[in-house]
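Engineer: No letters, just coordinates:
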């Protein structure tokens, strides 16, 4: 068992400084690469991850400054590169001798820096503004928080008597999510000379943080893409290979936590030494400085040592789940057909006894953009479920059921007010030099539930029309055009969109199915009040693993089956060329692909193709029937 007092977790800067000191005798030691390899190696060891405290689960005031922490996040914005003192010469207070210090993985330097020394060198780092994964489901947060083994205690003189709690619980305190920590806790000032900079007086007053900044911090917009989100945002400082990161990437980052109170004071200083540390500072507007240098007690800094890309954020899947020949993958795939049958029964109950709609719902939930051909995203399967009841908050309950199964989901009520007033598309704010987030800045494989049953009669204004257009582009092209004022910039995405509507949706979709309720109207209210009953936890976990694994599986079609499908298509068109279009064939191939994956099969077989043809025939026949009964509906 790994002890929680490991030096590399509690005092990572000690490891860094030790390697830096050892490198002074050997200039070609490559100490910076060795630091990264050291931490990467330790983090790849079995069972080491749970011992690193997580910013997602543990309130900031429980974390030790300058310790190793992790953060599960989305890159919401990328700031301009900044300069810092990579190596500098300082006077040792004890011996008065000049010593070389390393400035890497720190925000502020020690006292007594000799700026005229020829040994002083600046270096460059990139800053990413990171937020928790938007719309992450409560069960995911609880599961990740429950696996942590880190022993955490309050990190400052403020010592509450309560136990470790998650951000979700902490935000229940009235003052917690509106007041920055510095208003709740007494200032103790910098703890050591390393938290100072410049060669001025090392003693600072406890009340140094200006009251105006303290007041504005409580109203600081943390730029979460979705309204009502909780949890920390974080400035992640990246020292190498930053070109390998993209906006909207989901990562688990491991780095050194920096929450020095001196940072708040530094943001306010305009003396020569701080200008030297950041040549661009004098060119920043007040608005830009407020956004780029928020109080560290509200937006901590994390100096990146290792970043692990997250292909998914399902805590039930082991990290090596999808490696070839993994025991987990083979046992999961062998059970997929059985789990699918159970899920089909469950969804049939949720969808008022409609087994065909339940089948399409499974296919929708496991769909995934697996590649792009020119501008066309392949694999997407937006489902329009029309005929949804408008009584008893059916659509809200339906969304809650989906949220219980997928790692990230968002319910968007398409009321006129929301469509006209919400910001869907991220927009560049040139005054503050940041990307202001929007509701469509989501992580890959987020389930976006559009509730069109809430759309009342009325007029969409200009913003509303823009928002509807943005949703249409997301569905058709799996892209969002971010607003950069003078131009738009395309950002590809991979979002599962489900549209619940009464009649046919005003938005495009890949597939529409009209819900055919098997429940008699007099019993509808009673039936709907029972659908929120959840399966047992073990059953739910099986469903959660099933959906995530099916989304991630590879898939192929052999030449032999391709030839058979082509022959079938020719036969179908023989009698009536208009009966099956190229678009119908494309949809059947998507349905066949998802049908195979839903059974744990990674290549198309004849049976799955025939099944796909059959359910598509049933769906189209139902849609024709519904059109005849409702001649006025498009």
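Structural biologist: Happy to help now that I have it. Nothing here was measured: the structure is a model prediction, and the numbers come from that model.
Engineer: what about the helices in the stretch 251-400 of the chain?
Structural biologist: Using DSSP state H, counting those that start in this stretch, the helices of the stretch 251-400 of the chain run over 262-266, 272-277, 286-292, 327-350, 355-365, 394-403.
Engineer: whoops, I mixed them up, the stretch 1-150 of the chain
Structural biologist: 7-10, 12-23, 31-44, 138-147.
Engineer: Low-confidence stretches in the chain?
Structural biologist: Applying pLDDT under 70 to the chain picks out residues 1-6, 149, 151-219, 263-283, 320-325, 631-634.
Engineer: hmm, back to that, with distance to residue 56 added, can I get the helices of the stretch 251-400 of the chain in CSV?
Structural biologist: Using the backbone N, CA and C atoms, a C-beta is placed for each residue, glycine as well. Formatted as CSV, the helices of the stretch 251-400 of the chain follow (distance: least, C-beta to C-beta, whole Å):
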stretch, distance to residue 56
helix 262-266, 22
helix 272-277, 31
helix 286-292, 23
helix 327-350, 24
helix 355-365, 25
helix 394-403, 18
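Engineer: would TSV of those helices with mean neighbour count and distance to residue 434 be doable?
Structural biologist: Converted to TSV, these look like this (neighbours: other C-beta atoms under 10 Å; distance: least, C-beta to C-beta, whole Å):
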stretch	mean neighbour count	distance to residue 434
helix 262-266	22	18
helix 272-277	16	21
helix 286-292	17	5
helix 327-350	16	41
helix 355-365	21	34
helix 394-403	19	30
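Engineer: that older thread, please render the helices of the stretch 1-150 of the chain as a markdown table that adds distance to residue 499 and mean neighbour count to the earlier fields.
Structural biologist: As requested, the helices of the stretch 1-150 of the chain are arranged in a markdown table below (distance: least, C-beta to C-beta, whole Å; neighbours: other C-beta atoms under 10 Å):
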| stretch | distance to residue 499 | mean neighbour count |
| --- | --- | --- |
| helix 7-10 | 46 | 16 |
| helix 12-23 | 48 | 18 |
| helix 31-44 | 41 | 16 |
| helix 138-147 | 24 | 16 |
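Engineer: nearest to residue 107, of these?
Structural biologist: helix 12-23 (11.8 Å; C-beta to C-beta).
Engineer: What distance do you get for the residue nearest the centre of the chain to residue 458?
Structural biologist: Nearest to the geometric centre of the chain sits residue 133, at 2.5 Å (C-alpha atoms, centre = their mean). Separation of residue 133 from residue 458 (C-beta to C-beta, to the nearest Å): 34 Å.
Engineer: ditto for residue 356
Structural biologist: In terms of C-beta to C-beta, residue 356 sits 34 Å off from residue 458.
Engineer: Likewise for residue 622?
Structural biologist: In terms of C-beta to C-beta, residue 622 sits 31 Å off from residue 458.
Engineer: Looking at those two, which is more packed in?
Structural biologist: Taking other C-beta atoms under 10 Å, residue 622 and residue 458 do not tie; residue 622 has more neighbours (18 against 12).
Engineer: rewinding a little: how about the helices of the stretch 251-400 of the chain, which one is nearest residue 607?
Structural biologist: Taking the helices of the stretch 251-400 of the chain one by one with C-beta to C-beta, helix 327-350 is closest: 11.8 Å.
Engineer: how big is the angle separating that closest one from helix 394-403?
Structural biologist: Using axes from the mean of the first three to the mean of the last three C-alpha atoms, to 10 degrees, one finds that helix 327-350 and helix 394-403 are set 170 degrees apart in direction.
Engineer: Does anything pack onto helix 327-350? Which helices or strands?
Structural biologist: If you count contacts as 3 or more C-beta pairs under 8 Å, 6 or more residues apart in numbering; DSSP states H and E, helix 327-350 packs onto helix 355-365, helix 537-552.
Engineer: next SSE after the longest one?
Structural biologist: Which is helix 537-552. helix 559-575 (DSSP states H and E).
Engineer: so what secondary structure elements neighbour whatever helix or strand comes next after that following helix?
Structural biologist: Per DSSP H and E, the first helix or strand lying C-terminal to helix 559-575 is helix 582-598. With contacts taken as 3+ C-beta pairs under 8 Å, 6+ apart, helix 582-598 sits against helix 355-365, helix 559-575, helix 606-629.
Engineer: which of these is buried the deepest?
Structural biologist: Most buried of the helices and strands packed on helix 582-598, by mean neighbour count (mean count of other C-beta atoms under 10 Å): helix 355-365, with a mean of 21.
Engineer: quick check: domain ranges of the chain?
Structural biologist: 7-309, 349-535 (automatic domain parsing).
Engineer: could I get those domains as TSV with distance to residue 318?
Structural biologist: As requested, the domains of the chain are exported to TSV (distance: least, C-beta to C-beta, whole Å):
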stretch	distance to residue 318
domain 7-309	11
domain 349-535	15
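Engineer: Select, out of the helices and strands packed on helix 327-350, the one closest to residue 599.
Structural biologist: Here helix 537-552 is closest among the helices and strands packed on helix 327-350 (C-beta to C-beta), at 9.1 Å.
Engineer: roughly how far is that closest one from the heart of the chain?
Structural biologist: Offset of helix 537-552 from its chain centre (C-alpha atoms, centre = their mean, to the nearest Å): 19 Å.
Engineer: do the same with stretch 333-342
Structural biologist: Relative to where its chain is centred, stretch 333-342 has its mean C-alpha point 28 Å off (C-alpha atoms, centre = their mean).
Engineer: same thing with stretch 387-407?
Structural biologist: Centroid separation for stretch 387-407 versus its chain: 22 Å, with C-alpha atoms, centre = their mean.
Engineer: what do you get for stretch 482-501?
Structural biologist: 16 Å.
Engineer: What are the buried residues along that stretch?
Structural biologist: Within stretch 482-501, the residues scored as buried using 16 or more other C-beta atoms under 10 Å are 482, 483, 491, 493, 494, 495, 496, 497, 498, 499, 500, 501.
Engineer: doesn't the first one fall inside a helix?
Structural biologist: No - applying DSSP: H, G, I helix; E, B strand; the rest coil, one finds residue 482 to be strand, outside a helix.
Engineer: Now do the strands in the stretch 201-350 of the chain.
Structural biologist: Using DSSP state E, counting those that start in this stretch, the strands found in the stretch 201-350 of the chain span residues 234-238, 250-258, 301-309.
Engineer: quick one: the second one to helix 138-147, angle?
Structural biologist: Between strand 250-258 and helix 138-147, the angle comes out at 50 degrees (the same axes, to 10 degrees).
Engineer: Just the angle for strand 250-258 relative to helix 12-23, thanks.
Structural biologist: Using the same axes, to 10 degrees, one finds that strand 250-258 and helix 12-23 are set 80 degrees apart in direction.
Engineer: Neighbouring strands of strand 250-258 in the sheet, and parallel or not?
Structural biologist: Pairing partners of strand 250-258, with direction, according to DSSP bridges: strand 68-78 (antiparallel), strand 301-309 (antiparallel).
Engineer: most tightly surrounded among those?
Structural biologist: Of all those, strand 68-78 carries the top mean neighbour count, a mean of 24, counting by mean count of other C-beta under 10 Å.
Engineer: okay but residue 460 is in contact with residue 415, surely?
Structural biologist: No - counting by C-beta atoms under 8 Å, residue 460 does not reach residue 415; the two are 11.3 Å apart.
Engineer: so how far is stretch 340-352 off the chain centroid?
Structural biologist: With C-alpha atoms, centre = their mean as the basis, stretch 340-352 stands 29 Å off its chain's centre.
Engineer: Quick check: buried residues in stretch 448-461?
Structural biologist: For stretch 448-461, by 16+ other C-beta under 10 Å, it's 448, 449, 450, 451, 452, 453, 454, 455.
Engineer: Ok, stretch 228-237 next?
Structural biologist: By 16+ other C-beta under 10 Å, the buried positions in stretch 228-237 come out as 229, 230, 231, 232, 233, 234, 235, 236, 237.
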